[in-house]
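# 3D model of this:
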Amino acid sequence: MDYAIGDVQGCFKTLQALLKKIQFRLDSDRLFFLGDVVNRGRNSLEVLRLIYSNRDNMQMVLGNHDFHLLVCAMTERSPNKKDTFQDILAASDKATLLDYLLERPLAIENDNALLVHAGVPPQWGINDVLENSKLVEKNLKSIDVQNFLSKMYSNSPFTWHDQLTNEEKLRYTINALMRMRFCKSNGELEFTHKNFDQPPPNYFPWFTHKKRQMKNQKIFFGHWSTLQDVKTDNIYPLDHGCIWGGKLSAFNLTKNVTISQQSLEH
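Below you'll find the model as predicted:
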């Protein structure tokens, strides 16, 4: 069986209970984590070690919290007061775990499904997602990765166009695939608002635009915990707010059913 799992965010106890509930088997099952496996919860190190130790059966895309960990670990940027990944930064296997994160993709194709952390800009098709993701991934694997990371932590550019510099295109790709919630039909991004029913003026949830290029593509994503009850064709939001006392959910990609575990972290 193949499963897509929403934002774990260091909730190791709940993850263990969920894996028991779905009767996960290393010899036959695969897990695809939708990013944000670390931070906010108490046990980021245990979660990341579990995924790394079983990397033949467990894959993940990078989320904004995973990316934030890399930036704090490899540049002059300091963790925020709410960050809880200090256990990773102090771990004896820190270098191994960070190297693993640096090799993670921003998007994964699995049969007829696309897995990302936050979403896909409405003006992008599948090739745009994969090609731009690969450019970011190439830089994450480069010997100059520290310099690259130091330049990626910015909200701009908000809009994609062909005249952007390579650096700007990389930053837009990271922000769109890892941080986006609301945008305009041309892909102009907005990062302040989080409530689905309270969009900023002239912005809409990325998956509601009528001229969205990927309407026929199944997209699984996390990042937006207030979308639990949203029902839209081919859109599968799987961040069910485990870190906030909600649930951690796994979508069975083989049987098309969702299995959830109530948070055990609070």
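
# quick one: low-confidence parts of the stretch 51-200 of the chain?
Within the stretch 51-200 of the chain, no range satisfies pLDDT under 70.

# in stretch 25-35, what's buried?
29, 30, 31, 32, 33, 34, 35 (16 or more other C-beta atoms under 10 Å). For every residue, glycine as well, the C-beta is placed using N, CA and C.

# among these, which lie within strands?
30, 31, 32, 33 (DSSP state E).

# list the contacts of the last one.
For residue 33, the contacting residues are 5, 8, 51, 58, 59, 60, 61, by C-beta atoms under 8 Å, 6 or more residues apart in numbering.

# could you identify the most distant pair in the ones in strands among the buried residues of stretch 25-35?
30 and 33 (10.8 Å; C-beta to C-beta).

# shared neighbours, those two?
58, 59.

# not counting its neighbours along the chain, what's nearest residue 118?
Distance criterion C-beta to C-beta, 6 or more residues apart in numbering; nearest residue to residue 118, sequence neighbours excluded, is residue 223 at 4.2 Å.

# strands of the chain, residue ranges please.
Under DSSP E, the chain gives strands at 2-5, 30-33, 58-60, 107-110, 113-116, 182-183, 189-190, 204-205, 218-221, 235-237, 247-252, 257-262.

# mind putting the ones you listed in CSV, distance to residue 69 included?
Formatted as CSV, those follow (distance: least, C-beta to C-beta, whole Å):
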stretch, distance to residue 69
strand 2-5, 18
strand 30-33, 14
strand 58-60, 13
strand 107-110, 19
strand 113-116, 18
strand 182-183, 25
strand 189-190, 22
strand 204-205, 27
strand 218-221, 19
strand 235-237, 23
strand 247-252, 19
strand 257-262, 24
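
# farthest residue from the center of this protein?
Distance from the C-alpha centroid of the chain peaks at residue 163, with 27.2 Å (C-alpha atoms, centre = their mean).

# ok so, going back, nearest to residue 242 among the ones in strands among the buried residues of stretch 25-35?
residue 33 (12.4 Å).

# separation between that closest one and residue 185?
From residue 33 over to residue 185 the distance is 30 Å, taken as C-beta to C-beta, to the nearest Å.

# do residue 104 as well
30 Å.

# and the two? Which one has more around it.
residue 104 (21 against 17; other C-beta atoms under 10 Å).
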